[in-house]
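Asks: Following is a predicted model, sequence given first.
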Amino acid sequence: MLDGHFFGRRALAIVIDNHSQEAYFRSMQSRVSLEKLALRQMATVSMIDWSRLADPEARRLRELGFDEGVGVEVLHRATLGKGPIACRIGRMTVALRRAVAGAIHVSPLSPAE
């Protein structure tokens, strides 16, 4: 079958929606780690790499409300390159280690959003 694959005796058609595919690739290109997000830039959490975090760190992020789709903003970075990052999530301001912030991937929002 030219437009699909056979699984057993049934054919599975593969449909590619070009508009959805373009939006997906645009979001992938604009995704950055929270560690590298510009100051005062609003963003949405697009993915958290839980495997890069120790269990207590992952639990703390979940308890603070970090999850996909949540709005976040970087408020301040320590002056030394390895210091913590202050972020706003909802109405809370939290400090995150840079390694933890590096495991959180965000999609920056345009000013109109």
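Replies: Looks like it arrived, so ask away. The model shown is predicted, which means the values in this text are computed figures rather than measured ones. Residues are numbered from 1 along each chain as shown.
Asks: wait, doesn't Arg52 sit right on His105?
Replies: No. Arg52 is beyond contact range of His105, at 10.6 Å (criterion: CB atoms under 8 Å). The C-beta positions use only the backbone N, C-alpha and C, and glycine is treated the same way.
Asks: Which of these two has more residues huddled nearby?
Replies: Legend: neighbour count by other CB atoms under 10 Å for Arg52 and His105, higher for His105 (20 against 13).
Asks: what's across from the more buried one in the sheet?
Replies: Per DSSP bridges, the residues bridged to His105 are Ser33, Met47.
Asks: Would you mind confirming that it is in contact with Arg31?
Replies: Yes. At 5.2 Å, His105 and Arg31 qualify as touching, with contact defined as CB under 8 Å.
Asks: who touches both of the two?
Replies: Ser46, Met47 (CB atoms under 8 Å, 6 or more residues apart in numbering).
Asks: any idea of the mean pLDDT for stretch 73-82?
Replies: Mean pLDDT, computed over stretch 73-82, is 87.
Asks: And the contacts of that stretch?
Replies: Applying CB under 8 Å, 6+ apart, the contact partners of stretch 73-82 are 34, 37-43, 83-88, 93, 98.
Asks: And for stretch 58-71?
Replies: The contact list for stretch 58-71, computed with CB under 8 Å, 6+ apart, reads 42-48, 50, 53, 72, 89-90, 92, 94, 100, 104, 109.
Asks: Done for today, thanks.
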